[in-house]
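Visitor: missing the sequence, but the structure's below:
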């Protein structure tokens, strides 16, 4: 494929929330809701600016946040119009929107669906009241049930649910309870994330002052193993370290990340990887809006709002291939393609790291593909260290 | 200068009692340095000393003072190191004086270190002039402290001079007392030269600069000299005095204090305590009291990064130029690779060397737990082996007896901490020798204690247990046989030489257990289970397990932020690089210091 023909994924960031959850360190704001409409116009402008005169193919769009479901259908329409105008969006393109249960009803979801959104991702996190309270989520499980039902009514076939494990106070049993409860809603896709207590979050403070106990890594490992077993029984394919899908429902957008393919990051704080650059857009919505109102873009894919960009070196590119593609448990890393692209085998490029890791049973190679072993899945950092 | 107009004196004081400030004032009042040149605490020329608030190297300054009697006097202030590890240097400095200012903090009273030096000064027949400093402070109790001084020294409280060095109050009275009470030096100006080396430093242009007090005869810049302990001869590059900078003079004569820039290449050829005479007209007898100080405490120093080995070697060599007591030789450890076994006068000396390596040479050092020098009597041959590293200890079956160094220790404390001090010393195999009550509410407790028990954590424990009030002094008592065993530590079944220690058999179980518990906390989980064991001989006395790592994953990749993920991985990788490998186990450098944290109470 030549550069112009390569198909892109578009990540669109919506940096608004009604409330910031206790574990969250994402780029989101709770006090600038009145900016939503003008933000949508700025985002549309950025999409047009980045695309320029070339109408490049695109195959996925992902509204992430923040809480994209706080945006009105009109605002979303404004953004998606810009996407369709500036990109050659495939007819079967996957268009995902993240949503919080409790922020959506059937009418809203139907309107969103009519705009072309065809995949929903709900942040469920837990079904246990005490855990939801600690995470400072604003919904309860009843709201999740209602939201998923509304999604189905509105015609959504492809629904993802997010859950979090490793939550202080969570047990193996309560985790199983959450898993069973979400499975009863028949999702097509599940993302299970281990809680990371990020510095600067309320949770980090609670940990420091002893209000919560430090996470137990062994319990998290047990929870992970439990999920692996249970989801396999339900026919889910464990295709990425933290992601499971029914056959045919893997998230095409996320696969772009893991396959080290190009994606455009648009909107405040979004990250992109395209045209040989990795870059990040300014975080503050007001700054973002001002920049998009005033500035001219740089060379593709850098818009006026890009805060930092660097060209990916050969070494970094090699390392990126490993730390993204090895996350794909089924697909793994194509060793032949690697050697062809870089002119050196992966093992040689990293001083025998592959051989060493195989010896430790963390990775295995067959049919020219390198994959994490079952043991390696939950120890992936121990593998990746050797490649950074 | 006419011999009768010379006054040689030193200042005896506890750390922080204001020795340096008083010295500064004396230099100022006598016009030795101007206000403009006045650097704070000029005698402590090294930054490190300033920060630690102690004097490491002695120095000597000549001042000219015109007294109330209208005569001008040559006053030589000889500075003494302020720490117990440098006791021999202190004794030589005292030997070079006829008088001593005993400086006591008006808020603190006399401390053990001061008292020990005071006794040394009395032994050396010095005229003692007690001075109470810091009388400007609100908490000052000059009368009580003066009474305490009277109780201890027998010098009437009325003769004690109250000053505030900081404010400059009453400093002239101190100078007058030196003129009137300290006797002038004796000695025959026509006899062959006998000059006592009481300190030295290395200068890259002038070689070893010996700090000397002339006891007999005279020396000109043209005379060849001879070291009496080793017959080394040299043609001095220059001779001079400190005022306070080095200033060449034509002659140093009896009673005077100054320096000889010997041109010698190592301080080992010109040791403190040696006597310098003339090559062509030598004295028959050296001055009494020369001995070579021997290192008492040993530890392995290893570079954190293996490639710094050559730099560490170079740095140690440079330090050694100035430090005759520092010894080192290459050592190999299975855990820490290549480093040096270093010998020190004491724990404080070790700390100074380590800090200088880190600060002045920017080296990152892993120091193993300090050890002492043992005498091991072999079973069959009766041969006595000297070892200073637990790794060198032969198998138990081959040993007839192990002897370890014991110290005479005196601890000076307010009476209320009597029990605390007793308890601390007894837990460390101490033997009570006696006690004295030199002043009301104060007690001097005398013990004999194995040095090995003092070098880890003892002084800190003493200080914290007595809320900082106790002070300590010690000297070598001799070797004694003890029931000692080697405590081995095995990580993943492999003995780790850098963690081994020699302990009393009765303590082996307890120490082993504590060490294993500490190590389990310090060694991060690995890809496999890691057993940690403590063993005496073949017998495992304690064990713990570091469970295998099961989870090390970055679960979420927020909006495709691969760069952040990479940064986290790079950071963690950097941490891993600093670890030391024991077989296949990654051990953080802190683990090697675990031995230092084996408190004895909990």
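Guide: Cool, got the structure. What you see is a predicted model; the values in this text were computed from it and never measured.
Visitor: Near chain B, which residues of the stretch 51-200 of chain A? Just list them.
Guide: Taking Cβ under 8 Å from any Cβ of the partner chain as the contact definition, the stretch 51-200 of chain A meets chain B at A:64, A:193-194, A:196. From N, CA and C alone the C-beta is placed, and that goes for glycine too.
Visitor: helices or strands next to the lengthiest strand in chain B in the packing?
Guide: Assignment by DSSP state E gives strand B:399-414 as the longest strand of chain B. Where contact means 3 or more Cβ pairs under 8 Å, 6 or more residues apart in numbering or on different chains; DSSP states H and E, strand B:399-414 is packed against helix B:112-123, strand B:374-378, helix B:418-427, strand B:442-450, helix B:451-454, strand B:471-482.
Visitor: Would you format these as TSV with distance to residue B:544, mean neighbour count and mean pLDDT included?
Guide: Formatted as TSV, these follow (distance: least, Cβ to Cβ, whole Å; neighbours: other Cβ atoms under 10 Å in any protein chain shown; pLDDT from 0 to 100):
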stretch	distance to residue B:544	mean neighbour count	mean pLDDT
helix B:112-123	40	21	79
strand B:374-378	28	18	96
helix B:418-427	24	17	94
strand B:442-450	28	20	93
helix B:451-454	25	24	92
strand B:471-482	28	17	89
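Visitor: out of those, nearest to chain A?
Guide: Among the helices and strands packed on strand B:399-414, helix B:418-427 comes nearest to chain A, with 31.6 Å by Cβ to the nearest Cβ.
Visitor: ok now the longest strand of chain B, how far from the chain's centre?
Guide: Chain-centre distance of strand B:399-414: 18 Å, with Cα atoms, centre = their mean, to the nearest Å.
Visitor: likewise stretch A:366-378?
Guide: 22 Å.
Visitor: got a list of contacts for that stretch?
Guide: Applying Cβ atoms under 8 Å, 6 or more residues apart in numbering or on different chains, the set of residues contacting stretch A:366-378 from outside is A:221, A:224, A:241, A:326-327, A:329-336, A:346, A:354, A:357, A:361-365, A:380, A:382-383, B:550-553.
Visitor: Just those: which are in strands?
Guide: A:333-334, A:363-365.
Visitor: Go through those residues and name the one nearest residue B:192.
Guide: residue A:363 (82.3 Å; Cβ to Cβ).
Visitor: Quick check: beta-bridge partners of the residue of the stretch 151-300 of chain B found nearest chain A?
Guide: Per Cβ to the nearest Cβ, residue B:300 is where the stretch 151-300 of chain B lies closest to chain A, at 28.8 Å. Counting by DSSP bridges, residue B:300 forms beta bridges with residue B:341.
Visitor: list the contacts for it?
Guide: B:331, B:333, B:336, B:339-342, B:367-368, B:389, B:498.
Visitor: swap the cut-off to 6 Å and go again
Guide: For residue B:300, the contact set (Cβ atoms under 6 Å, 6 or more residues apart in numbering or on different chains) comprises B:331, B:339, B:341, B:368.
Visitor: can you pick the most crowded of those?
Guide: The most crowded member of those, judged by other Cβ atoms under 10 Å in any protein chain shown, is residue B:368 (29 neighbours).
Visitor: Test my guess that that one contacts residue B:298.
Guide: No - using Cβ atoms under 6 Å, residue B:368 is not in contact with residue B:298; the gap is 9.2 Å.
Visitor: Quick check: end-to-end length of stretch A:226-244?
Guide: Stretch A:226-244 has an end-to-end distance of 13 Å (Cα to Cα, to the nearest Å).
Visitor: and if you look at stretch A:303-317?
Guide: End-to-end distance for stretch A:303-317: 22 Å, by Cα to Cα.
Visitor: likewise stretch A:245-257?
Guide: 16 Å.
Visitor: So what's the model's average confidence on that stretch?
Guide: In this model, stretch A:245-257 carries a mean pLDDT of 96.
Visitor: Domain ranges for the chain, per the record?
Guide: Using chain A here. For chain A, automatic domain parsing gives the domain ranges A:8-258, A:314-385.
Visitor: Chain B is the one I meant
Guide: Split by automatic domain parsing, chain B gives B:3-181, B:194-278, B:297-367, B:375-482, B:486-596.
Visitor: I'd like to know which of the ones you listed lies nearest to residue A:229.
Guide: That would be, of the domains of chain B and by Cβ to Cβ, domain B:486-596, which comes in at 15.3 Å.
Visitor: low pLDDT regions in the chain?
Guide: In the absence of a named chain, this looks at chain A. A:1-4 (pLDDT under 70).
Visitor: wait, chain B
Guide: B:35-58, B:82-84, B:555-559, B:596-602.
Visitor: what's the longest helix in it?
Guide: helix B:505-522 (DSSP state H).
Visitor: Spell out whether that helix and chain A are in contact.
Guide: No - judged by Cβ under 6 Å from any Cβ of the partner chain, helix B:505-522 makes no contact with chain A; its nearest approach is 13.6 Å.
Visitor: after that helix comes which helix or strand?
Guide: Sequence-wise, the next helix or strand downstream of helix B:505-522 (DSSP states H and E) is strand B:530-536.
Visitor: quick one: strands adjacent to that following strand?
Guide: Paired strands of strand B:530-536, with direction, are strand B:484-491 (antiparallel), strand B:539-546 (antiparallel) (DSSP bridges).
Visitor: Can you tell me the strand partners of the helix or strand that the first one is followed by and which way each runs?
Guide: Meaning strand B:484-491. Per DSSP H and E, strand B:484-491 leads on to strand B:494-495 as the next helix or strand towards the C-terminus. Partners of strand B:494-495 in the sheet, by DSSP bridges, are strand B:484-491 (antiparallel).
Visitor: Run the angle between the strand it pairs with and strand B:399-414 for me.
Guide: Inter-element angle recorded for strand B:484-491 and strand B:399-414: 90 degrees (by axes from the mean of the first three to the mean of the last three Cα atoms, to 10 degrees).
Visitor: Please compute how far stretch A:57-64 lies from its chain's middle.
Guide: Put simply, stretch A:57-64 sits 12 Å off its chain's centre (Cα atoms, centre = their mean).
Visitor: How about stretch A:315-325?
Guide: From the chain centre to the centre of stretch A:315-325 is a distance of 18 Å (Cα atoms, centre = their mean).
Visitor: contacts for that stretch?
Guide: By Cβ under 6 Å, 6+ apart, the list of residues contacting stretch A:315-325 reads A:258, A:260, A:333, A:342, A:349, A:384, A:387-388.
Visitor: Go back to the residues you listed and keep what's next to chain B.
Guide: Among the contacts of stretch A:315-325, chain B is touched by A:384, A:388 when using Cβ under 6 Å from any Cβ.
Visitor: Of all pairs in the contacts of stretch A:315-325, which one is the farthest apart?
Guide: The widest separation within those (Cβ to Cβ) is 19.7 Å, between A:258 and A:349.
Visitor: Look at these two and report which has more neighbours.
Guide: With neighbours defined as other Cβ under 10 Å, residue A:258 and residue A:349 compare such that residue A:258 has more, 24 against 20.
Visitor: hmm, back to that, of the ones in strands among the contacts of stretch A:366-378, closest to chain B?
Guide: residue A:363 (12.4 Å).
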